[in-house]
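Chemist: Next one to model:
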Amino acid sequence: MNPRRVSTGGWAYAGLLLFIFVVYSNPGNWFDGMEDVGFAKIAAALSVVALGGSWLFYNRRLTIGGWAGAALISLFALVGFSALWSYWPRYTVDTFVDGLKYLAIFLLVANLIDGEARLRGVVRVLALASLIPAFGGIVSWSRGEHLVDGDRAGWIGIFGNPNDLAYHLVVGVALVLAAREAEPRRALRLAWLSALIPLGVAIMLTQSRGGMLASGVVLGLWVVSSLRRSGSSVAMKLAGLALTLGCVVYLAPGNPWSTRMESSRAYGEDVSARGRLDAWRTGLAIAADRPLTGVGAGAFMVAWPDYAPGDAGTVRSEHNTFIQLVGELGIPGLALFLISFVAGVMSAGRAARDPRLRPYARGVQCALAGFAVCSLSGGLAFSWPLYLLLGVALALKRMAPAPVEKSAAPPLALAGAQ
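Modeler: Take a look at the predicted model:
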């Protein structure tokens, strides 16, 4: 193998890891006047240039990511073309241009993870990077900063919304569990397990009902998967610990779930849930009227007055990934998204059959399940964790050994045959 090709690919991989840390640390929001500095875009651009150089000069083979990649490319093409019929064409074009970065990151991950070492590195970096907004949210909450609704923890940049913060942390929980299982050293396994504490505390402080439910789903799936695989005593202990913590949190005075349920009520009605129902009904009305096109990427709120039911409240965002897609891009957009998502889940499932890849594959599957749960209450079709996870899933598929076909049974020898 050409050493320069390896070196160029190494620079691209380093750029990808840097990109992940920059996205999760939000350095542009640390100081005033730096918000417009695209640190993440710079890191991603360096990675893309290095990967392109490896392909151009050293004949590195690139992939679009199979069916999932083809579906995603088609999805983003549809995003761009939707400007032709959009309620707000200019914003749709901006959405398309901005959205290309998610596609680029998916392709980077799918192409750069070409071995177990890089797979382990990306999963560990994603798990560790998730601790940055977790500690950021905890510290901000303790100082009374970046709070939403008076007491819900948020942080800076893309983590300003408590629901978005919780979503990123849920993905972090799944990847921390994966990193722990893949770690052979006992001390480090314990260290990874302890990382769940700040993640869990931060999720509770966000008071995101979707985030708390999704984290429970992730933990539950992980425990069930562990029990089915080995029935190990460790899995039983984890299940007992999770159940105990759940009871302590729920039964404690002022627990986050009950607090959030009470704070979202007005005059006996859950205002937050009612607003989501209004958004969903509006999205379904759009789908019924424009099933093949939607109203254009990013134009959901602009189209609200024309499609919202008469008893709906004020204009809101989609509050559901699937409503977001069918409302803005029609049934074709939703179908393309589901193809790529299901392909990612199945790719991770196939890789989970290989003992070497199993911890990472299970982590990706659980993280995608967490995304799906969070998607029921938030529009997350264009978010960093999703495309990083899909890229890892497709890389896992390439690394997994091909299934061995059963050979046909040899014909029976005839008695007395020579």
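
Chemist: Surely Gly313 is within a helix?
Modeler: No - counting by DSSP: H, G, I helix; E, B strand; the rest coil, Gly313 falls outside a helix, being coil.

Chemist: And the helices in the stretch 1-150 of the chain, which stretches?
Modeler: In the stretch 1-150 of the chain, the helices defined using DSSP state H, counting those that start in this stretch lie at 3-25, 39-58, 66-81, 89-112, 116-143.

Chemist: Would you reformat the ones you listed as JSON lines and include mean pLDDT, distance to Leu199 and mean neighbour count?
Modeler: In short, each C-beta sits where N, CA and C put it, glycine included. Listed next are those as JSON lines, based on pLDDT from 0 to 100; distance: least, C-beta to C-beta, whole Å; neighbours: other C-beta atoms under 10 Å:
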{"stretch": "helix 3-25", "mean pLDDT": "80", "distance to Leu199": "12", "mean neighbour count": "19"}
{"stretch": "helix 39-58", "mean pLDDT": "84", "distance to Leu199": "22", "mean neighbour count": "18"}
{"stretch": "helix 66-81", "mean pLDDT": "94", "distance to Leu199": "27", "mean neighbour count": "19"}
{"stretch": "helix 89-112", "mean pLDDT": "93", "distance to Leu199": "22", "mean neighbour count": "20"}
{"stretch": "helix 116-143", "mean pLDDT": "96", "distance to Leu199": "5", "mean neighbour count": "20"}
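
Chemist: Who are the contact partners of His168?
Modeler: Going by C-beta atoms under 8 Å, 6 or more residues apart in numbering, His168 touches 24, 130, 133, 158-159, 384-385.

Chemist: wait, Leu325
Modeler: Going by C-beta under 8 Å, 6+ apart, Leu325 touches 294, 333-334, 337, 381.

Chemist: Out of those residues, name the ones that lie in helices.
Modeler: Judged by DSSP state H, the subset of those located in helices is 333-334, 337.

Chemist: one step back: of all the contacts of His168, which two lie farthest apart?
Modeler: Ser130 and Ile158 (13.0 Å; C-beta to C-beta).

Chemist: Show residues contacting stretch 133-144.
Modeler: 24, 26, 146-147, 153-156, 159, 165, 168-169, 172, 198-199, 201-202, 205-206.

Chemist: again, only using 10 Å
Modeler: Stretch 133-144 has contacts (C-beta atoms under 10 Å, 6 or more residues apart in numbering) with 23-26, 29, 145-147, 150-159, 162, 164-166, 168-169, 172-173, 195-206.

Chemist: Show the buried residues in the residues you listed.
Modeler: With burial judged by 16 or more other C-beta atoms under 10 Å, the buried subset of the contacts of stretch 133-144 is 23-26, 29, 146, 152-159, 162, 164-166, 168-169, 172-173, 195-196, 198-206.

Chemist: For Val326, find the nearest of the helices of the stretch 1-150 of the chain.
Modeler: Closest to Val326 of the helices of the stretch 1-150 of the chain is helix 66-81 (C-beta to C-beta; 12.3 Å).

Chemist: How far off centre is stretch 211-222?
Modeler: The chain centroid and the centroid of stretch 211-222 are separated by 14 Å under C-alpha atoms, centre = their mean, to the nearest Å.

Chemist: Assess the claim that Leu108 and Tyr13 are in contact.
Modeler: Yes - Leu108 is within contact range of Tyr13, at 9.0 Å (criterion: C-beta atoms under 10 Å).

Chemist: list residues touching both of the two?
Modeler: Shared contacts of Leu108 and Tyr13, defined by C-beta under 10 Å, 6+ apart, comprise 47, 50-51.

Chemist: Closest to Ala303 out of the residues you listed?
Modeler: Nearest to Ala303 among the shared contacts of Leu108 and Tyr13 is Ser47, at 36.6 Å by C-beta to C-beta.

Chemist: show me the contacts for that closest one.
Modeler: Contacts for Ser47 were tallied using C-beta under 10 Å, 6+ apart; they are 11-19, 104-105, 108-109, 112.

Chemist: and the residues you listed as JSON lines, adding distance to Arg118?
Modeler: Formatted as JSON lines, the contacts of Ser47 follow (distance: C-beta to C-beta, whole Å):
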{"residue": "Trp11", "distance to Arg118": "13"}
{"residue": "Ala12", "distance to Arg118": "10"}
{"residue": "Tyr13", "distance to Arg118": "6"}
{"residue": "Ala14", "distance to Arg118": "11"}
{"residue": "Gly15", "distance to Arg118": "13"}
{"residue": "Leu16", "distance to Arg118": "9"}
{"residue": "Leu17", "distance to Arg118": "9"}
{"residue": "Leu18", "distance to Arg118": "14"}
{"residue": "Phe19", "distance to Arg118": "14"}
{"residue": "Ala104", "distance to Arg118": "18"}
{"residue": "Ile105", "distance to Arg118": "15"}
{"residue": "Leu108", "distance to Arg118": "12"}
{"residue": "Val109", "distance to Arg118": "10"}
{"residue": "Leu112", "distance to Arg118": "7"}
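
Chemist: Closest one of those to Ser317?
Modeler: Ile105 (22.9 Å).

Chemist: For the residue nearest to the closest one when sequence neighbours are not counted, what is the enclosing helix or strand?
Modeler: Counting by C-beta to C-beta, 6 or more residues apart in numbering, Ile105 lies nearest to Tyr387, which is 5.2 Å off, once chain neighbours are set aside. Using DSSP states H and E, the element containing Tyr387 is helix 384-399.

Chemist: same check, this time on Gly378
Modeler: Per DSSP H and E, Gly378 falls between elements, in no helix or strand.

Chemist: How much space separates the closest residue to it other than its chain neighbours from Glu145?
Modeler: In space, and not counting its chain neighbours, Gly378 is closest to Asn163: 5.2 Å by C-beta to C-beta, 6+ apart. Going from Asn163 to Glu145 by C-beta to C-beta, to the nearest Å gives 18 Å.

Chemist: now do Gly80
Modeler: Counting by C-beta to C-beta, the gap from Gly80 to Glu145 is 39 Å.

Chemist: and what of Trp384?
Modeler: From Trp384 across to Glu145, the span is 23 Å (C-beta to C-beta).

Chemist: Ramachandran angles for the residue lying closest to Met399 once chain neighbours are set aside?
Modeler: Using C-beta to C-beta, 6+ apart and skipping residues adjacent in sequence, the residue nearest Met399 is Leu357, 6.2 Å away. With angles defined as degrees, to the nearest 10, Leu357 sits at phi -100, psi -10.
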